[in-house]
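1. below is the sequence, then the predicted model.
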Amino acid sequence: MRLDKFICDSIGLTRSQAGKAIRQGLVTLNDKKVKQAALQVIDNDVVCLDGAQLQLIGLRYFMLHKPDGYVCSTDDPDHPTVFMLLDEPLLDRLHTVGRLDLDTTGLVLITDDGQWSHRISSPKHHVAKTYRAWTADPIPASAVQQFADGVMLRNEKNLTLPAELKIIGECEALLTIQEGRYHQVKRMFAAIGNKVVQLHREKIGGVQLPDDLAVGEYRELSAEQLHLLQIK
Ligand code: URA
């Protein structure tokens, strides 16, 4: 990898800022001051900027426990964003895999690997997502079959794909869906005449929100979790 690209990918300078730092003599490669941006950096080379060693940042994969009241977009004039909860360099390279509503809590995946997030969100791959929903009115047992058969959402032309509903309490259920249509869970309950009053995402694919990940906290996905989310 070129030296200027190495600097960009480790601390997020632009190519021209990296080139300027190199020309100003602020960069060393294996303890030697270097002036050519096109020099190749290879394994075990040590690059320093202003005396501080730079580490290449590879692709990153995180899970976050989203709190109520946070948006999943990168900026919002009225609400805090989930990215404010991250203490990571090169924040502007990260994005969420799909979005949760402002008032939905629970599992959000965050990455800078666009291909990976595309595969997880793509309707083609049918990655299951499980939500715990609390409703305004009791959930009738007949909803299980209705959701399994698919329901027609307002202003849409196709039935929802088969979804699995487990009724947990009078007004509480676990719903596993294979798509990610806009406000899908709330609209599915609306389609059967009910209203979701609270929504929490517990699982994406084989990855469950861990009990010990407190609201507002995040951590890297483990190798095993990443393996569960490898969708080809
Ligand atoms: N379905 C919804 O209605 N809202 C969410 O945040 C996620 C799924």
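-> Yep, it's here. The model shown is predicted, which means the values in this text are computed figures rather than measured ones.

2. residue 168 against residue 175, yeah?
-> No. Using Cβ atoms under 8 Å, residue 168 makes no contact with residue 175, being 10.4 Å away. Every residue, glycine included, has its C-beta placed from N, CA and C.

3. how about low-confidence regions in the chain?
-> Within the chain, the stretches with pLDDT under 70 are 231-232.

4. show me where it has its helices.
-> Applying DSSP state H to the chain gives helices spanning 3-11, 15-23, 114-121, 142-149, 184-191, 223-228.

5. with distance to the ligand and mean neighbour count added, can I get those helices in TSV?
-> TSV is the format used below for these (distance: least, Cβ to the nearest ligand atom, whole Å; neighbours: other Cβ atoms under 10 Å):
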stretch	distance to the ligand	mean neighbour count
helix 3-11	33	20
helix 15-23	38	16
helix 114-121	12	16
helix 142-149	13	15
helix 184-191	4	20
helix 223-228	20	13
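
6. for the ones you listed, please prepare CSV with the additional fields distance to residue 206.
-> As requested, the helices of the chain are exported to CSV (distance: least, Cβ to Cβ, whole Å):
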stretch, distance to residue 206
helix 3-11, 30
helix 15-23, 39
helix 114-121, 12
helix 142-149, 21
helix 184-191, 20
helix 223-228, 4
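
7. rewinding a little: and residue 168 and residue 175? Which one has more around it.
-> Taking other Cβ atoms under 10 Å, residue 168 and residue 175 do not tie; residue 175 has more neighbours (23 against 13).

8. give the bridge partners for that one, please.
-> residue 131, residue 165 (DSSP bridges).

9. for it, what are its contacts?
-> 130, 131, 133, 147, 163, 164, 165, 166, 185, 188 (Cβ atoms under 8 Å, 6 or more residues apart in numbering).

10. and stretch 179-192, how far apart are its ends?
-> 18 Å (Cα to Cα, to the nearest Å).

11. residues contacting that stretch, please?
-> 98, 101, 121, 123, 126, 129, 131, 133, 135, 143, 146-147, 151-154, 156, 160-161, 163, 175, 177, 195-196, 199.

12. repeat the analysis, applying 7 Å as the threshold.
-> Residues from elsewhere that reach stretch 179-192, judged by Cβ atoms under 7 Å, 6 or more residues apart in numbering: 98, 101, 121, 123, 129, 131, 133, 135, 143, 146-147, 151-154, 160-161, 175, 177, 195-196, 199.

13. list only buried entries from these.
-> 98, 101, 121, 129, 131, 133, 135, 143, 146-147, 151, 153, 160, 175, 177, 196, 199 (16 or more other Cβ atoms under 10 Å).
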